[in-house]
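Q: After the sequence you'll find the predicted model.
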Amino acid sequence: MELRQLRSLVALTETGFNVTQAAERLHLVQSAVSQHLSRLEEELGVVLFERQGKRLIGITATGKQVVNYARKTLANTENILAIGRDFSEESLGTLRIGTTHAQACYVLPSVLRMFRKTYPDIIVQIHQSNPKQLVEMTINNTVDISICTEALADAPGLKTLNCYRWNRSLIAPQGHPINDLHPLTLEALCEYPLISYLSGFTGANHLRKTFARLGLKPKVVLSAADTDVIKTYVREGFGIGIVVSSANSSMDADLEAQDLSRLFPWETTRVAYNQDKYLRHYESHFISLLQTGVANNGISLFT
């Protein structure tokens, strides 16, 4: 059994049993991937794949067990290599960060600016996705570290750390009548068309529950995963918006923001990595910066 056979097996399952895509991911020709899989089945003496003619369409129960151990074997191999690199190539490597749009756009720039002062030669990759997919990517070691508010805390197989707390702001065009209401109330927010995050993103579920506890039904006319999309439709006059407070920017001079932390619960953003992963020095440094260096508007640090 060879590591390249295990890599082909894992790549195939992660590309939906598409040999062409698996080969592209591994920078191999299709025939090489097919050969790896055939030899692995022969060596194990079991059928790993469900087939329709010559086409692979799924994986058997036995195959699922083999894939799980293959992932662990490849992860442990990478851990061994990472330990060596920490001593021979401490300042070289790639940091793969999985995160949501809000984190990538409004939180990470200041953290990565500090990170680059210590590790200027580390290549940074930002993989944007939704919280559920980020969990899968982290468990499967597709990314090194994930950062988001939802999903991470409840995911088995991950080491999860509290990062920072945040709350929300109301945004509305200059001159909108809600800008003259002080203090704001949940009832007042229900009087206007509302734009906020999709369920499963950026504290949206807690926001809805807050209204529901008082028997209130906000007029949600549009939901989006992207903070900039919410701002766009506020500017277009679709309604007032509720966004993460750290998203307020000097670029938004045409919008007026009001703090809503008195009305809604504080949310916790977390950072997570595979519990079996060896963290390289620069990865640990990045996590430390993330936990202590994100003192932006609307963010409360865990210190």
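A: Received it, and whenever you're ready, just let me know what you need. Numbering: from 1, shown residues only.

Q: my guess is Leu92 contacts Asp121, does it?
A: Yes - between Leu92 and Asp121 there is a contact under CB atoms under 8 Å: 5.8 Å. (Glycine included, C-beta is placed from N, CA and C.)

Q: Pick out the residue nearest the middle of this protein.
A: For the chain, the residue nearest the mean C-alpha position is Thr99 (2.8 Å; CA atoms, centre = their mean).

Q: Please enumerate the helices of the chain.
A: 3-14, 19-26, 30-44, 61-88, 101-106, 108-118, 131-139, 186-189, 204-213, 227-235, 281-292 (DSSP state H).

Q: Which one of these lies nearest to Lys219?
A: Lys219 sits nearest to helix 186-189 of all the helices of the chain, at 9.1 Å, using CB to CB.

Q: buried stuff in the closest one?
A: Across helix 186-189, burial judged by 16 or more other CB atoms under 10 Å covers Leu189.

Q: what's it in contact with?
A: Leu170, Ile178, Leu181, Thr210, Phe211, Leu214, Leu216, Pro218, Ile240, Ile242, Leu263 (CB atoms under 8 Å, 6 or more residues apart in numbering).

Q: Return the set of residues that bridge with the first one.
A: With DSSP bridges as the criterion, Leu170 is bridged to Ile242, Gln258.

Q: In this structure it contacts Gly239, no?
A: No - Leu170 is not in contact with Gly239 according to CB under 8 Å; the separation is 10.9 Å.

Q: who has more neighbours, these two?
A: Taking neighbours as other CB atoms under 10 Å, Leu170 and Gly239 compare with Leu170 leading, 27 against 21.

Q: ok, the more buried one - contacts?
A: Taking CB under 8 Å, 6+ apart as the definition of contact, the neighbours of Leu170 are Ile178, Leu184, Leu189, Ile240, Gly241, Ile242, Ala257, Gln258, Leu260.

Q: okay if I get those residues as JSON lines plus pLDDT and distance to Thr269?
A: As requested, the contacts of Leu170 are arranged in JSON lines below (pLDDT from 0 to 100; distance: CB to CB, whole Å):
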{"residue": "Ile178", "pLDDT": "94", "distance to Thr269": "27"}
{"residue": "Leu184", "pLDDT": "91", "distance to Thr269": "24"}
{"residue": "Leu189", "pLDDT": "93", "distance to Thr269": "23"}
{"residue": "Ile240", "pLDDT": "95", "distance to Thr269": "24"}
{"residue": "Gly241", "pLDDT": "94", "distance to Thr269": "20"}
{"residue": "Ile242", "pLDDT": "93", "distance to Thr269": "17"}
{"residue": "Ala257", "pLDDT": "92", "distance to Thr269": "20"}
{"residue": "Gln258", "pLDDT": "93", "distance to Thr269": "22"}
{"residue": "Leu260", "pLDDT": "93", "distance to Thr269": "17"}
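
Q: Good, wrapping up.
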